[in-house]
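J.: Structure for this input, please:
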Amino acid sequence: MKESIKTNEIVIAGQYLGVVEEYLPDKHSTYTKDGSIYATKSGIVSIDENKREIEIRSHQDEDRKTIKMGDTIIGTILFLRKYSVGLNFQAINHKLHFNSSYFGNIHVSQISNKYVEKIADAYQTTDIVRAKVIEKEQNEYKLSTSGNNLGVIHADCIICGTPLEKIGFNKLRCTRCGNVESRKIASDYRNVSEKLKY
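T.: Next comes the predicted model:
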């Protein structure tokens, strides 16, 4: 019987890792054949001893420019539809992407945990939004902003373009013209560590 691999060992694609009775394989970095688990890519073995899960991690995972489900993105709202908003991605997992070709949609049902009647009460064009990737559909990504740290992280006044100040749970006010607007605001609105302007 072959010997199972250990945490932090370096493996190459196709290398034997263990058996399914021993570990739960990771669908992104391993495959199974006849009850044995093999690596689908080169990298470093990571075993969660409590959950008995095995996966292969590589330095490319941190630098990757492709999108996986569950990733956090930052994007700018390009347009509002009746039941969704469209945005392009500027940052994926805290890494800036210039001239990104990635595009996402937030459906009205994914905006907030609370009921949203009108999209314009949650988002406006040019708002900068943090969202989570929940599904891929052809060449677009479905996104969600349900959650405290998700939603608008920067917004400008629709009348004069001045950055809006937070005055309540979902209310923003312009310090220049006094205009008050509603948004689905992230908990760290305008206090974000990521770079927002490019």
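J.: mean confidence for stretch 88-101?
T.: The average pLDDT within stretch 88-101 is 77.
J.: Go through it and flag the buried ones.
T.: N88, F89, Q90, A91, I92, N93, H97, S100 (16 or more other CB atoms under 10 Å). (Each C-beta comes from the backbone N, C-alpha and C, glycine too.)
J.: try stretch 109-118
T.: For stretch 109-118, burial by neighbour count (16+ other CB under 10 Å) applies to Q110, I111, S112, V116.
J.: Next one: the second one, what pLDDT does it get?
T.: Predicted confidence (pLDDT) at I111: the value is 96.
J.: what are the phi and psi values for E55?
T.: As for E55, its main-chain torsions (degrees, to the nearest 10) stand at phi -150, psi 160.
J.: actually Q110, not the one I typed
T.: phi -110, psi 10.
J.: May I ask you to confirm that it is in contact with T145?
T.: Yes: under the criterion of CB atoms under 8 Å, Q110 makes contact with T145 at 6.7 Å.
J.: So which of the buried residues of stretch 109-118 are in helices?
T.: Among these, no member falls in helices (criterion: DSSP state H).
J.: And these, which is closest to S36?
T.: Q110 (39.4 Å; CB to CB).
J.: if I pick the closest one, what's in contact with it?
T.: Q110 is in contact with I134, K142, L143, S144, T145, S146, counting by CB atoms under 8 Å, 6 or more residues apart in numbering.
J.: repeat that for 6 Å
T.: By CB atoms under 6 Å, 6 or more residues apart in numbering, the contact list for Q110 reads S144.
J.: May I ask which helix or strand encompasses L143?
T.: strand 140-144 (DSSP states H and E).
J.: okay, that strand in CSV with CA atoms only?
T.: What follows is strand 140-144, C-alpha atoms only, in CSV (Å, rounded to 0.1, in the frame of the first residue of the first chain):
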residue,chain,number,x,y,z
GLU,A,140,-20.9,37.2,-16.0
TYR,A,141,-20.8,36.6,-12.3
LYS,A,142,-23.8,36.8,-9.9
LEU,A,143,-22.9,38.8,-6.8
SER,A,144,-24.4,39.3,-3.4
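J.: taking the mean pLDDT, what do you get for it?
T.: Strand 140-144 comes out at a mean pLDDT of 95.
J.: helix or strand right after it?
T.: Per DSSP H and E, strand 140-144 leads on to strand 151-154 as the next helix or strand towards the C-terminus.
J.: got the buried residues for that next one?
T.: For strand 151-154, burial by neighbour count (16+ other CB under 10 Å) applies to G151, V152, I153, H154.
J.: same thing with stretch 27-44?
T.: Result for stretch 27-44 [16+ other CB under 10 Å]: buried residues S29, T30, I37, Y38, A39, K41, G43.
J.: Just give me the residue closest to the centre of the protein.
T.: Most central in the chain under CA atoms, centre = their mean is T72, positioned 2.0 Å from the mean C-alpha point.
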